[in-house]
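> Dropping a prediction and its sequence here:
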Amino acid sequence: MQPVATDPAGQTFSDQASGSQHFSTQSLGALAGIDPQKLAQLAQKIDLPALLNAASGMSAAQLGQLSGMLAGQGGGAAKKRELPAPNGDFYSVMDTLSDRQRDIASRVRRFMETEVAPIMNEYWQRDEFPQQLIPRMRDLNLMREIWNEDGSRTPDASVTEGIIIMEMCRIDVSTAVFFGVHAGLALASVALGGDEAQRAELIPRMLDMDLVGAFGLTEPEGGSQVSRGMHTTARRDGDTWVLNGEKKWIGNSTFADVTVIWARDVADDQVKGFLLRKGTLGFHVEKIQGKIALRLVENGHITLTDCRVQEADRLQNANSFRTTADVLRLTRAGVAWQGVGCAMGAYELALKYAQTRRQFGKKIGEFQLIQSHLVHMLGNLTAMQTMCLRLSGMEDAGQMRDEHAALAKVFTAARCRETVALARETFGGNGILLEYGVAKHFCDTEAIYSYEGTNEINTLVVGRAVSGLSAFV
């Protein structure tokens, strides 16, 4: 007796009657699992024989895809596919670094996510730097990953510093600016401009962050133009110098222990560097109010009124603007990395939002225009990362020139500005709320675009290098 099965309509499926091969035991088990009532309901909705004929002509792969699609519509019975976690390192740049550098990046990321992120919005609204972070930052010992106690740089200092800055800016640009002013501008001024005694006194304490530094170059009447005409003056009077003038936008200056002030010697018209200790008479700092960017950074407006500085506190090896320019060159790559980190943070926030925010019955990441935004942002970010990694490698190898750093600053600042704007747009109205994170990046980008040489000035630096012609006026 051959096995026979009947459908609810009374039709017989027999291998003898059809002339086909015999049912296998596995096939019989599958047929036995069919619910006749559901089969009857299905037959009322579609042409069941036609469906079977169509399905029998499909390959195993096609049937598998069809089965998977149907299972995905089964009301959550099938396991939901996990979406990829936001990752701004699309080309695995971190894999090209040393184990030590990856460990540093991991430590900084953990610090930023656990120590800074929970409090940054509160301090943004207070327009104040959370100074309680300084001892916690000291515990990371990041300074000695970049500098040696004699004022020399570690062999991979630029790449390492760039990764540190990128990780900080991914969460909060202001924290990176505090670090950059202290570890870059202020410490580099001592390292390049100080004599042996000054380096021995200050650098170990600055590396331990027992002393916080600031850097006073920009003036109320000009930033980039100070190279051609500094208004702050210094006049020798016996064993002291008398300083008069103003400095503006000086980060960390409201609480710094030592501020490097650059002033023009009235005797020889050369720029010299001076160490202004906290509490020096005639040295007054007023906190700048009303900023829309870098609100955690305490920028000061410094007034120097017959401020007397001992000759011992003049940077003994900083006797012209050449030293100032060397300091700026040393730190400009770090500012380019700020744009990378800021763009990375904004991109990752936008991607996470696109994966979770629902509109019109679906996640907004399923809309083509949003995916276009994401891909544009990621392309910018990846280009910025690879450019800065190469730039820092050139600096560590002693191959970087002014125009190299200037091009990176021009490119990253502009691409960061575009990326952060697209990220804010992805958030719609929520993008202007502080709680969603991207608004802070949006504002901070404007500062990155403007300081450490405006994009226009840096453009002219690169243009002069590639053409051999100067467009400066």
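Arrived safely, thanks for sending.
> Mind pulling up the pLDDT for residue 447?
Per-residue pLDDT puts residue 447 at 94.
> for it, what are its contacts?
173, 293-294 (Cβ atoms under 8 Å, 6 or more residues apart in numbering). From N, CA and C alone the C-beta is placed, and that goes for glycine too.
> For these, give me a markdown table that also has pLDDT, secondary structure and neighbour count.
Output for these, formatted as a markdown table (pLDDT from 0 to 100; DSSP: H, G, I helix; E, B strand; the rest coil; neighbours: other Cβ atoms under 10 Å):
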| residue | pLDDT | secondary structure | neighbour count |
| --- | --- | --- | --- |
| 173 | 97 | helix | 29 |
| 293 | 96 | coil | 18 |
| 294 | 96 | coil | 25 |
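> which of the residues you listed lies closest to residue 194?
residue 294 (27.9 Å; Cβ to Cβ).
> Against residue 252, how distant is the closest one?
12 Å (Cβ to Cβ, to the nearest Å).
> same check, this time on residue 83
For residue 83 relative to residue 252 (Cβ to Cβ), the value is 41 Å.
> which one of those two has more residues nearby?
Counted by other Cβ atoms under 10 Å, residue 83 and residue 252 do not tie: residue 252 has more neighbours, with 25 against 13.
> State the three-state secondary structure for the nearest residue to that one once chain neighbours are set aside.
Closest residue to residue 252 apart from its sequence neighbours, by Cβ to Cβ, 6 or more residues apart in numbering: residue 214 at 4.2 Å. When classified by DSSP: H, G, I helix; E, B strand; the rest coil, residue 214 comes out as strand.
> Verify the stated contact: residue 214 with residue 256.
Yes. Taking contacts as Cβ atoms under 8 Å, residue 214 lies within contact range of residue 256: 3.7 Å.
> Compare neighbour counts for those two and give me the winner.
residue 214 (28 against 25).
> can you give me the helices for the stretch 151-300 of the chain?
157-171, 173-180, 187-193, 196-207 (DSSP state H, counting those that start in this stretch).
> how about those helices, which one is nearest residue 117?
helix 157-171 (5.3 Å).
> Which strands or helices does the closest one pack on?
For helix 157-171, the packing partners by 3 or more Cβ pairs under 8 Å, 6 or more residues apart in numbering; DSSP states H and E come out as helix 99-111, helix 173-180, helix 321-356, helix 368-396.
> Output the ones you listed as TSV; include the columns distance to residue 431.
Shown next, in TSV, are the helices and strands packed on helix 157-171 (distance: least, Cβ to Cβ, whole Å):
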stretch	distance to residue 431
helix 99-111	24
helix 173-180	17
helix 321-356	9
helix 368-396	12
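> from these, which stretch is densest packed?
Most buried of the helices and strands packed on helix 157-171, by mean neighbour count (mean count of other Cβ atoms under 10 Å): helix 173-180, with a mean of 26.
> List the contacts of it.
Against helix 173-180 from outside (Cβ under 8 Å, 6+ apart): 112, 116, 120, 124, 129, 133, 137, 142, 164-165, 168-169, 251-252, 294-297, 331, 334-335, 338, 341-342, 440-441, 444, 447-448.
> same thing but 7 Å
The set of residues external to helix 173-180 that reach it, using Cβ atoms under 7 Å, 6 or more residues apart in numbering, is 116, 129, 165, 168-169, 251-252, 294-297, 331, 334, 338, 341-342, 444, 448.
> before we move on, what about stretch 232-242?
Against stretch 232-242 from outside (Cβ under 7 Å, 6+ apart): 219, 243-247, 263-267, 272, 274, 304, 306, 308-311, 314.
> again with stretch 291-300
120, 123-124, 127-129, 172-175, 177-178, 249-255, 285-288, 443-444, 446-447.
> is it fair to say residue 302 lies in a strand?
Yes. The assignment for residue 302 by three-state DSSP puts it in a strand.
> gap between it and residue 296?
19 Å.
> Same check on residue 305?
From residue 305 to residue 296 the distance is 29 Å (Cβ to Cβ).
> just to revisit the earlier point, list only buried entries from the contacts of stretch 291-300.
The neighbour-count criterion (16 or more other Cβ atoms under 10 Å) marks 120, 123-124, 129, 172-175, 177-178, 249-254, 285, 288, 443-444, 446-447 among those as buried.
> Narrow those to those in strands?
249-251, 285 (DSSP state E).
> ok, so of those residues, who is nearest residue 87?
residue 251 (30.9 Å).
> what's the closest non-adjacent residue to the closest one?
residue 181 (4.4 Å).
> residue nearest the centroid of the chain?
Central residue of the chain (Cα atoms, centre = their mean): residue 341, 0.9 Å from the mean position.
> Can you pull out the low-pLDDT segments for the stretch 201-350 of the chain?
222-228 (pLDDT under 70).
> I'd like the ones in strands among the buried ones among the contacts of stretch 291-300 as CSV, with distance to residue 155 appended.
As requested, those are exported to CSV (distance: Cβ to Cβ, whole Å):
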residue, distance to residue 155
249, 33
250, 31
251, 28
285, 37
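> Out of those residues, which is nearest to residue 430?
residue 251 (30.1 Å).
> Who are the contact partners of that closest one?
177-178, 181, 214, 297, 299.
> Run a quick neighbour tally on residue 281.
Residue 281 is flanked by 9 other residues according to other Cβ under 10 Å.
> Next, it: phi, psi?
phi -60, psi 140 (degrees, to the nearest 10).
> Relative to residue 41, how far out is it?
For residue 281 relative to residue 41 (Cβ to Cβ), the value is 94 Å.
> Same question for residue 272.
Residue 272 is 92 Å from residue 41, by Cβ to Cβ.
> between these two, which one's more packed in?
Using other Cβ under 10 Å, the more surrounded residue of residue 272 and residue 41 is residue 272, with 24 against 11.
> before we move on, back to that, was I right to think the residue nearest to residue 251 contacts residue 217?
No. Applying Cβ atoms under 7 Å as the test, residue 181 and residue 217 come out as separate, 11.1 Å apart.
> ok now do the nearest residue to the residue nearest to the centre of the chain once chain neighbours are set aside, which residues does it touch?
The shortest distance from residue 341 to any non-neighbouring residue, by Cβ to Cβ, 6+ apart, is to residue 169 (2.7 Å). Contacts for residue 169 (Cβ under 7 Å, 6+ apart) come out as 176, 338, 341-342, 345.
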